[in-house]
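A.B. asks: what follows is a predicted structure for the sequence shown.
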Amino acid sequence: MPRFLVLNGPNLNLLGRREPEIYGSTTLHELYQMCAQWGFALGAEVDAFQSNHEGEIIDRLHEARGTMDGIILNAGALTHYSYAIHDALVAVGIPTVEVHISNVKEREPWRTVSVVEAACVHTVYGRGIEGYRWALQHLAARLAGPFEIVRYGPDPQQVADLRVPEAPGPHRMVVLIHGGFWKNQWTRDLMDGLAVDLRSQGLATLNVEYRRLGSAGGWPNTALDVATAIDQIAEVQHADIDVSRVSVVGHSAGGLLALWAAGRHQLTDGPGADPRVSPALAVGLAPVSDMAFAQAHDLGDGAADAFLASAHEHTNLYRSSSPIDMLPLSTPQLIVHGSEDDAVPVSMSDGYVEAARILGDEVEFYRLESTDHMELIDPHSDAWRQTKEFLLANL
């Protein structure tokens, strides 16, 4: 059974009382109980430690060597200047996920600086207390199977995780594109569980990161990142990938990118035209399939407006960026959407599927009752089971 250490730094003993409008009402004791439950669900044991003293934190890191399989570290204000903690992380060599409850990238400038980040394998911030759960899931996914980080551009965010089954190929490939309304605090770790599960079924996966809002993202850069990552599959010779059997799966805002990638082969010019790899199948999990709808309903607190704000050319903008306006995509599709989705209304998919079928696209639609937005990317959910079975049968 893997063992993970949840390590909290200065002032986190005051959780639930210290600035609850920023850090929430959950106490440290309640957080540790939640981490133990989340760990149990992952088949892991979770230890916890908190100190207001730098030396004690370093001592606990040293003690973790040889006994822990992963660390979740919220170093508090020490994040911004403790090179001693950075050096301790390097010395012990244990995969560590840095966690911050608040969105440190949108607070005081000094909070945006982390001197420990370079010694960590991943950073989670701005997701509240749930960030600890995502960190635990990421550590569990790292242990579940090897992967290679491939780079498809010079920007630090232009990377993807390549997982290839141990059996000999050629392997069918699934490209995974995460959601989060293109915002910086949501990263490809959202799709870790699906990537691990698909690899266990004999499929290769490419879990794509892309430039997001606030980091040179938006239209068209974010879409071009996805296009470049998919096209690079043709160059991954050592992985023995069957380029003719590539599917793309996107969740939420990533669903827009997945459907766009499936239809860009018919673009005559502009961003993403002339693809080297054209997906044989596209899956939208609660996809943002209609940008005009997203703007009109202010989904993601203005995310669609922000995404399109960087577009320099507004002529036929929807025709090149919004899946419903690109129809027909001329690529087989599966749309999965829950009736209890409060992030992306299921009515958006109702309209998209109707329009796609009228225009001749081959579209399967799973409209799932009593299912919410995040269940679609839970590898243990019935919603994902149905999606996976469709992929395995049709890819």
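C.D. replies: On my side now, so go ahead. Numbering: from 1, shown residues only.

A.B. asks: for stretch 154-162, output the C-alpha coordinates as CSV.
C.D. replies: Backbone C-alpha positions of stretch 154-162 (Å, rounded to 0.1, in the frame of the first residue of the first chain) are rendered in CSV as follows:
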residue,chain,number,x,y,z
PRO,A,154,9.0,26.1,-26.2
ASP,A,155,6.5,27.4,-23.6
PRO,A,156,6.6,25.5,-20.3
GLN,A,157,2.9,24.7,-20.7
GLN,A,158,3.4,23.1,-24.2
VAL,A,159,3.8,19.6,-22.8
ALA,A,160,1.9,16.3,-22.7
ASP,A,161,2.1,13.1,-20.8
LEU,A,162,2.6,10.1,-23.0
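
A.B. asks: can you list the buried residues in that stretch?
C.D. replies: Buried residues in stretch 154-162, counting neighbours by 16 or more other C-beta atoms under 10 Å, are found at D155, Q157, Q158, V159, A160, D161, L162. To be clear about C-beta, it is placed using only N, CA and C from the backbone, and glycine gets the same treatment.

A.B. asks: strands - which of these land there?
C.D. replies: Using DSSP state E, the subset of these located in strands is V159, A160, D161, L162.

A.B. asks: ok so, going back, and of the buried residues of stretch 154-162, the nearest to D189?
C.D. replies: Set against D189, the nearest of the buried residues of stretch 154-162 by C-beta to C-beta is D161 (9.3 Å).

A.B. asks: who's that closest one bridged to?
C.D. replies: As for beta bridges, D161 partners with I149, N207 under DSSP bridges.

A.B. asks: quick one: residues contacting it.
C.D. replies: Applying C-beta atoms under 8 Å, 6 or more residues apart in numbering, we find D161 in contact with F147, E148, I149, V150, R188, A195, T205, L206, N207.

A.B. asks: doesn't Q232 make contact with the fourth one?
C.D. replies: Yes: under the criterion of C-beta atoms under 8 Å, V150 is in contact with Q232, at a separation of 7.2 Å.

A.B. asks: one step back: pick the one among the ones in strands among the buried residues of stretch 154-162 closest to P271.
C.D. replies: A160 (19.0 Å).

A.B. asks: which residues touch that closest one?
C.D. replies: By C-beta under 8 Å, 6+ apart, the residues touching A160 are I149, V150, Y152, R188, L206, N207, V208, E209, A229.

A.B. asks: selection in PyMOL covering whichever of the contacts of D161 are buried, please.
C.D. replies: Burial among these is assessed by 16+ other C-beta under 10 Å; the matching PyMOL selection reads:
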select buried, resi 147+150+188+195+205+206+207
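
A.B. asks: G217: which of the contacts of D161 is nearest?
C.D. replies: Nearest member of these to G217, counting by C-beta to C-beta, is R188, at 13.5 Å.

A.B. asks: measure the closest one to D231 for me?
C.D. replies: Here the distance between R188 and D231 works out to 18 Å (C-beta to C-beta, to the nearest Å).
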